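**Student:** My questions are about this predicted structure, shown below with the sequence.
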Amino acid sequence: MLEENIMAITGGNSMGVLVCYDDFTYDVVTDFHLDYLVSTGSIVGFDRSEKWVKQEEAIPVPPPATATKAEHSA
């Protein structure tokens, strides 16, 4: 299924690259878009050829988890 999505996004011409944006959402992009995203610091990591690459300096701290009302009353 992921491979089919990659082929649809890239038009079958290029292998897609899985990226993780700085808001922790994911997308599949072409090599051209990957170069742009890396150069602008818009992503925190990407997965190419089964190897995850982190952009260490761009990783934001996730927001702290907050307890729900049910957890407070337990």
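**Tutor:** Cool, the structure landed.
**Student:** switch to C-alpha atoms for all contacts and neighbour counts from now on
**Tutor:** Fine.
**Student:** For the protein, give me the ranges with low pLDDT.
**Tutor:** Judged against pLDDT under 70, the low-scoring parts of the chain cover residues 1-14, 48-74.
**Student:** can you count the residues close to the spatially closest residue to residue 21 that is not a sequence neighbour?
**Tutor:** Sequence neighbours aside, residue 43 is the residue nearest to residue 21 in space, at 4.1 Å (criterion: C-alpha to C-alpha, 6 or more residues apart in numbering). The number of residues packed around residue 43, counting by other C-alpha atoms under 10 Å, is 23.
**Student:** Now do residue 43 against residue 24, distance only.
**Tutor:** In this structure, residue 43 and residue 24 are 9 Å apart, going by C-alpha to C-alpha, to the nearest Å.
**Student:** Tally up the residues packed near residue 33, please.
**Tutor:** Neighbours of residue 33 under the rule other C-alpha under 10 Å: 13.
**Student:** would you say it is within a helix?
**Tutor:** Yes. Using DSSP: H, G, I helix; E, B strand; the rest coil, the secondary structure at residue 33 is a helix.
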